[in-house]
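>>> got a structure for you, letters missing:
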């Protein structure tokens, strides 16, 4: 048995292929998860789960390995959002109430701007969680820095469809955000 940097133990015959795949795709998988979650630690946990799932199921030298990892990263991250949606809302509300009543003191570093930014982020994430799975995936993949070709491979669609899917997903996201916050 041999191990790679993350501490996983892998049979020697699979070492090179998996290490190569891991080295080539880890940063992208973390970036995709981070784009959805906005939490570096959770994104790394998602990436580890995705690589473990892949390792258990498939050979590391599959030609579609990268696309599978990208798709799994966005699916796992979106599922994580959906599972923790209620908990996040509750924690955010408790934090706002705690800050509001904290010893009668006000936050000194432009609390209005900080609140508006956190509220906007919450709105976008909540709207993303309400979108159809495919729309949320295309947004997360594209805005994680993947090319149209990489997004197409991850979603198993033609490259020519990515632009249309992206435009529709962006429009749906705008509609969801406006629906939640009518101004």
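Looks like it came in fine. For clarity, every value in this text was computed on a predicted model and none was experimentally measured.

>>> any idea how far residue 34 is from residue 20?
Distance, residue 34 to residue 20, by C-beta to C-beta, to the nearest Å: 23 Å. Where you see a C-beta, it was placed from the backbone N, CA and C, and this is true even at glycine.

>>> what's the nearest residue to residue 127 if we skip its chain neighbours?
residue 176 (3.7 Å; C-beta to C-beta, 6 or more residues apart in numbering).

>>> That neighbour - how many residues pack around it?
For residue 176, the count of nearby residues is 19 (other C-beta atoms under 10 Å).

>>> Could you count how many residues lie near residue 44?
The number of residues near residue 44, taken as other C-beta under 10 Å, comes to 16.

>>> Assess the claim that it and residue 30 are in contact.
Yes. Counting by C-beta atoms under 8 Å, residue 30 is a contact partner of residue 44 at 5.8 Å.

>>> picking that back up, could you check how far the residue nearest to residue 127 is from residue 36?
For residue 176 relative to residue 36 (C-beta to C-beta), the value is 15 Å.

>>> before we move on, what about residue 121?
Distance from residue 121 to residue 36, by C-beta to C-beta: 12 Å.

>>> Those two - which one has more neighbours?
residue 36 (30 against 11).

>>> got the contact list for the closest residue to that one other than its chain neighbours?
Spatially, and ignoring its direct neighbours in sequence, residue 36 is nearest to residue 77 (3.8 Å; C-beta to C-beta, 6+ apart). Going by C-beta atoms under 8 Å, 6 or more residues apart in numbering, residue 77 touches 32-33, 36-37, 43, 46, 140.

>>> ok, and what's touching the helix or strand encompassing the residue nearest to residue 127?
Secondary structure assignment for residue 176, by DSSP states H and E: helix 159-180. Contact with helix 159-180 is made by 123-124, 126-128, 130-132, 134-136, 138-139, 142, 148-149, 151-152, 155, 157, as judged by C-beta under 8 Å, 6+ apart.

>>> neighbours around residue 169, how many?
Residue 169, neighbours per other C-beta under 10 Å, totals 21.

>>> can you map out the strands along this protein?
Taking DSSP state E, the strands of the chain run over residues 2-3, 9-10.
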